[in-house]
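[1] next input, structure requested:
(4 chains)
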There are 2 protein chains.
Amino acid sequence: MKKASELFKLLSVDKRIEIIELLKKKEMCVNGIAGALGVTQSAISQHLRILKSAGLVNDRKDGYYVYYSLDKDALEACRQRLNRICACGCLEGGGKTAKSRCG
Amino acid sequence: MKKASELFKLLSVDKRIEIIELLKKKEMCVNGIAGALGVTQSAISQHLRILKSAGLVNDRKDGYYVYYSLDKDALEACRQRLNRICACGCLEGGGKTAKSRCG
DNA sequence: CCCTCATTTAAGTAAATACGTATATACTTC
DNA sequence: GAAGTATATACGTATTTACTTAAATGAGGG
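    Numbering: from 1, shown residues only, chains lettered A, B, ... in the order given. Okay, the predicted model is just below:
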């Protein structure tokens, strides 16, 4: 499993966050993303490769185009992962107030 | 407010994650952290400055020592922030299954 | 089979940065 | 005030990396 810091690093780039936000709405091809974000399709392609290697996006070929989409399960796993890092263990308290020894 | 990518970048360094994990347990002084993580106090001091400038840690001076502690509210705010980025909007579903239009 | 389009890859560059060394600052005790 | 402690900062170095340009790969249509 990837280290948490690597996950964070993945997401530490503006354009990648923007790509994810775009893909939340609908699948898109590389040029579409590049146009929307105002960088070269090469740059986007490289970001997508990184996101894909982390399993966060999937691609689907259709004619000329490669459509990228979010892997929502992976994103959810990522969310839970980062959640644990940023959970101090005293504020998020599930149902029980038992463990509220904070500050 | 900081950009999400900046928050992620903050956390994209191993040692900083480890510092946070340490501080979850108890407040610590710089040298203590340095010893625990096996890097120079200079490096730790620099990490702490960054974490502090993001509001994630607080410091308290006591004699020679500067004790650093987690700002749990800030960490919680950070958690919620990152949560929103990584929420695809279809899997985390609160109580209602109404919005489960995914995949 | 060539041409065109979308995408990927290669190569190069400029910028960011994590860390160490050396030094400065701040505080306490003698 | 001198000595010893903890911490912060200045600065250099090595590494990473986001991006661009240019060339390569792959698919479809004439």
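[2] and the closest residue to residue A:9 other than its chain neighbours, which helix or strand is it part of?
    Nearest residue to residue A:9, sequence neighbours excluded (CB to CB, 6 or more residues apart in numbering or on different chains): residue B:12, at 3.7 Å. Using the backbone N, CA and C atoms, a C-beta is placed for each residue, glycine as well. Under the criterion of DSSP states H and E, residue B:12 resides outside all helices and strands.
[3] just give the number of residues close to residue B:12.
    Neighbourhood size, residue B:12 [other CB atoms under 10 Å in any protein chain shown]: 21.
[4] residue A:34 against residue A:40, yeah?
    Yes. Between residue A:34 and residue A:40 a contact is recorded at 6.2 Å, counting by CB atoms under 8 Å.
[5] so where is chain A shaky, pLDDT-wise?
    Scanning chain A for pLDDT under 70 picks out the ranges A:90-103.
[6] all helices of it, in order?
    A:4-10, A:14-25, A:30-37, A:41-53, A:72-85 (DSSP state H).
[7] burial of the residue nearest to residue A:89 when sequence neighbours are not counted, as a residue count?
    Sequence neighbours aside, residue B:24 is the residue nearest to residue A:89 in space, at 6.2 Å (criterion: CB to CB, 6+ apart). Residues near residue B:24, counting by other CB under 10 Å, number 16.
[8] now do the same contact list for residue B:24.
    Residues near residue B:24 by CB atoms under 8 Å, 6 or more residues apart in numbering or on different chains: A:88, A:89, B:70.
[9] many thanks, have a good one.
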